[in-house]
Structures are given as structure tokens and as C-alpha cells.
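1. My questions concern the predicted model and sequence given below.
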Amino acid sequence: MSELETRQLRYFVAVAEELHFGRAADRLGMAQPPLSRAIRELERGLGVHLLTRSTRQVALTPAGEVLLREARTALEAVSAAGRRARHAGEPAPQLRLALKADIDGGLLHRILEAYATAAEALPVTLVLGRIGEQAQALRDGRADTALMLAPFDDRGLDSEPLLTEPFVIALAATDPLAARPSLRLAELAGRSLPGGYPADQGPVLDAHDWAATHQQPDAPGPGISTTSTAHTTHTTSTAHTTDTTDSAHSVSDLPQIFRLVELGSIVCFVPASVARRYPRPEIAFRPVVDQEPAVLAMAWPQDAHAPAVAAFVRAAATAAAAARAEAGESTYEDEPEAARRFSRY
């Protein structure tokens, strides 16, 4: 086979991610027989087996694992090329910032204000999505920069940590655990996060990474869906953001999640800054002493060279450093190196 078509890669990725031809066909909006034929033709063309099939399961071969990784990257690059070309041709250029509303460590206004003073600054459009979607938005061209919690899938991305703060667990005030001043992860056994993920495993920041080391819950996790539901809204340095959902049945924004917490249906990890911003008498926020802290990072594509992106990264670093200084916190040890990386643009 001399070359692969994007159609073939899309078909294979769907099957490889679902590991079920019927579900993959439904996802692609096509019948199962032509999908099965397309995968067999792809295997014949490559001269390797990509999948092992039995009456009970479908599994990836080593060759299939390699192709899945490379196919995702290739499809992201194709998608990004089209989007970035369209963005570059817009009569009024913009900088697109991906984030989950409220997951900004209280820095968003500081960053926007600092960025507005830069000569290279462009109008900023917020690309609002669920937790775990921001890295994908950078890779597929929907966003130029992103604020997100680490760790995340950093393929093709550069990033710098901005702030570190504790995760706290949100519990119903009537939950027996709410009577304790602090908790350990093991004490959360039997309680569920949004989407059915076990709370004693800690917060879920990326559904793909979680699935690689854990058994999947019965349903995709609200707030961590890998299907893009991003919304965009224009903003200035004084804009307020509101996360929205596509369906009343999709629980991904904070008011919905907190309502379920109040009812005792779920518990939820949030950065301490979110707990301070939204105190509720019906919810108890408790530190979890053996949970790693939340690290807010700024990320951007490795091949980004636009002056507007460089200016935004510098503004984020400046705003974060000022916030840490006000809080009496030490700076990151690698900050001199970060400064050198920013200056390359």
C-alpha cells in the first residue's frame, strides 16, 4: 500500500477505540458489514494483522497498537491543518484559549489583563470544554493555548506549570465523612465521582489515561467525555465565563455536579480555589491528605510560533508569578529555564 486515506484511519480508530465493530459502526453512522470489509482491506494493504477477532472480543495486535497511536496523530494533524488555515484567513485574527470554566486557579482575569498590555495581543476567544478536552483542542486546531490541570496527554505540546494547590473532596454536609477534619483516599471507598469512577482512586483528569490502568465504569464520566462538546465565547480582560452543556442529561458543569453532591449521589474532587469561590452550606469540602495536589498548567502546540501565542504564555507566567508572590509561595525551581523557553518566540 503506497498511502493511507483519512477515511481508512477514521474507520480503524473507531474500531480500535471501541473494540467492538457494532459500536464502532454506530459511532461512524454506517452499517457494520462495510466497516468490517474496510478493516480487512486495510490489513491486506498493509500486509499485517491489526486486530485479533473472536466471537467474544476484539483486541489490538502490536501492529494495531502502533497504527492506533500514529493514526490519532495523523487525523489530529489533518484536522488542525484545516482549522488553522481557516483561522489564519479570518479578517479579524483571534487567540483561542481552551479551558474548563472555573478551572483557572483564579488566574484568568489576571492573565487577560496582563496580555491586553502586550503589543502582540489579539482579541481572546474562550473555547469552553470539559475536563480532559483541552489538550485535544490544542492538537486539532480548535485552540491556540490552554489552561488545564496536569497531568494530561502532552503529545505535540509544550507546557509550563503555573500554580499548585490542594485538591479537596466535596461531600454532602450530611455525609458521615463530613464530620472529619481531613480524609484519606481509602476512606472514600464505596463513593463515586461523576460518571461512576471510584472516589478512592483520586480525581480523573483524563479518561483515556484512567482507562489505561483501571477497569472502565459503566458509563462515560460527566466532565471527562472525550467527545468534544466545546463552546466558544468572546471575551476581553474583564469577561466572565459560563460553562454550558449540550443536553440536560449531561452533568458536566459545576452547579449540576454540586447539586448531585448535595443530594449525596456523588462526591467530587475540586481544586481548593474552586471550593473557596463557591462555598455552600449543603456541601463540606475536606482536604485529602494523601492526594497529590492540583497543578494548573499553560499549554500550547510545540510548533506554535505566533507572536500572539508567545505573548499569552508570557502573560500567564507573569500573572502566576505575581499570584504566588502575593500568597508568599516560592517560585518554581525551573522558572529560569521557563523564561528562556518563552524568550525563544
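-> Nice, I can see it. This is a predicted model, so every value here is computed, not measured.

2. give me the number of residues near the closest residue to Val13 other than its chain neighbours?
-> In space, and not counting its chain neighbours, Val13 is closest to Ala71: 5.2 Å by CB to CB, 6 or more residues apart in numbering. To be clear about C-beta, it is placed using only N, CA and C from the backbone, and glycine gets the same treatment. Neighbours of Ala71 under the rule other CB atoms under 10 Å: 20.

3. can you check Arg180 too?
-> For Arg180, the neighbour count with other CB under 10 Å is 13.

4. got it, and Asp200?
-> 16.

5. rewinding a little: moving C-terminal from the helix or strand containing the residue nearest to Val13, which element do we reach first?
-> If you go by DSSP states H and E, Ala71 is part of helix 62-88. Per DSSP H and E, the first helix or strand lying C-terminal to helix 62-88 is strand 95-99.

6. so the helix or strand following that next one versus strand 95-99, what angle?
-> Downstream of strand 95-99, the first helix or strand assigned by DSSP H and E is helix 108-116. With axes from the mean of the first three to the mean of the last three CA atoms, to 10 degrees applied, the angle from helix 108-116 to strand 95-99 works out at 160 degrees.

7. Could I have the CA atoms of helix 108-116 written out in PDB?
-> Only the C-alpha atoms of helix 108-116 are listed here, as PDB (Å, rounded to 0.1, in the frame of the first residue of the first chain):
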ATOM      1  CA  LEU A 108      -7.900  34.100  34.200                       C
ATOM      2  CA  HIS A 109      -8.600  37.800  34.800                       C
ATOM      3  CA  ARG A 110      -5.000  38.500  35.800                       C
ATOM      4  CA  ILE A 111      -3.700  36.700  32.600                       C
ATOM      5  CA  LEU A 112      -6.200  38.600  30.300                       C
ATOM      6  CA  GLU A 113      -5.300  41.900  31.900                       C
ATOM      7  CA  ALA A 114      -1.600  41.300  31.500                       C
ATOM      8  CA  TYR A 115      -2.000  40.000  28.000                       C
ATOM      9  CA  ALA A 116      -4.000  43.100  26.900                       C
END
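
8. can you map out the helices along the stretch 201-345 of the chain?
-> 207-213, 254-262, 272-277, 307-326, 335-343 (DSSP state H, counting those that start in this stretch).

9. residues contacting the residue lying closest to Glu262 once chain neighbours are set aside?
-> Counting by CB to CB, 6+ apart, Glu262 lies nearest to Glu282, which is 4.2 Å off, once chain neighbours are set aside. Residues near Glu282 by CB atoms under 8 Å, 6 or more residues apart in numbering: Ala172, Ala173, Glu262.

10. Could you count how many residues lie near the nearest residue to the first one once chain neighbours are set aside?
-> Taking CB to CB, 6+ apart as the measure, Ala172 lies nearest to Gly264, with 4.2 Å between them; neighbours along the chain are not counted. Burial of Gly264, expressed as a neighbour count using other CB under 10 Å, amounts to 14.

11. surely Gly264 meets Ala170?
-> No: the criterion here is CB atoms under 8 Å, and Gly264 misses it with Ala170 at 11.4 Å.

12. could you give the mean pLDDT of stretch 191-200?
-> For stretch 191-200, mean pLDDT is 91.

13. hmm, back to that, and which of the contacts of Glu282 is nearest Pro93?
-> Glu262 (43.6 Å; CB to CB).

14. how close does that closest one get to Gly190?
-> Distance, Glu262 to Gly190, using CB to CB, to the nearest Å: 19 Å.

15. Understood, closing this out.
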